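A.B. asks: build me a structure from this.
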Amino acid sequence: MDPNFWDFLVRRGKVMRALHWLKANNKFYRDIDIDDEYYKLYLKMVRLRKTSTIHG
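C.D. replies: A predicted model of the protein is given here:
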């Protein structure tokens with residue numbers, strides 16, 4: 001495990017439901033196209049590099 005990275009598990013179904021909700025309920029998302037098949041190409045695990053923050 002590399003201490004310079006955080007690993008996150010991405011729940012793709014929840015992300016897609018959130019995007020559909022935003023499209024239906026937020027004027028800034030109404031004009032976007034959401035391809036339900038395309039999201040399956042994304043990895044389940046996301047690795048982010050740690051950066052310093054105000055809190056340490």
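
A.B. asks: check what pLDDT the residue most central in space within the chain gets.
C.D. replies: Residue closest to the average C-alpha location in the chain (Cα atoms, centre = their mean): residue 15, at 6.1 Å. In the prediction, the pLDDT value recorded for residue 15 is 83.

A.B. asks: can I assume it sits in a helix?
C.D. replies: Yes. According to DSSP: H, G, I helix; E, B strand; the rest coil, residue 15 belongs to a helix.

A.B. asks: so it touches residue 39, yeah?
C.D. replies: Yes. Using Cβ atoms under 8 Å, residue 15 is in contact with residue 39, at 7.1 Å. Heads up, the C-betas are built off the backbone N, CA and C, glycines and all.

A.B. asks: so what's the residue nearest to the centre of the chain up against?
C.D. replies: Residue 15 is in contact with residue 39, counting by Cβ atoms under 8 Å, 6 or more residues apart in numbering.

A.B. asks: ok, now residue 36?
C.D. replies: Applying Cβ under 8 Å, 6+ apart, the residues near residue 36 are residue 16.

A.B. asks: so how far is residue 30 from it?
C.D. replies: Distance of residue 36 to residue 30, given as Cβ to Cβ, to the nearest Å: 17 Å.

A.B. asks: in the helix or strand hosting residue 22, which residues are buried?
C.D. replies: Taking DSSP states H and E as the criterion, residue 22 maps to helix 12-25. For helix 12-25, burial by neighbour count (16 or more other Cβ atoms under 10 Å) applies to residue 16.

A.B. asks: residue 27 and residue 21, how far apart?
C.D. replies: Per Cβ to Cβ, residue 27 is found 13 Å from residue 21.

A.B. asks: where exactly do the strands run in this structure?
C.D. replies: 5-9, 45-49 (DSSP state E).

A.B. asks: least confident of those, on average?
C.D. replies: strand 45-49 - the lowest mean pLDDT of those, at a mean of 67.

A.B. asks: can you dump the C-alpha coordinates of stretch 35-44 into CSV?
C.D. replies: Presented in CSV, the C-alpha positions along stretch 35-44 are these (Å, rounded to 0.1, in the frame of the first residue of the first chain):
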residue,chain,number,x,y,z
ASP,A,35,-25.1,6.9,-21.5
ASP,A,36,-26.0,4.1,-19.1
GLU,A,37,-23.8,1.6,-21.0
TYR,A,38,-20.7,3.9,-21.0
TYR,A,39,-20.4,4.0,-17.2
LYS,A,40,-19.6,0.2,-17.2
LEU,A,41,-16.2,1.0,-18.7
TYR,A,42,-15.1,2.9,-15.6
LEU,A,43,-13.0,1.1,-13.0
LYS,A,44,-14.6,0.1,-9.6
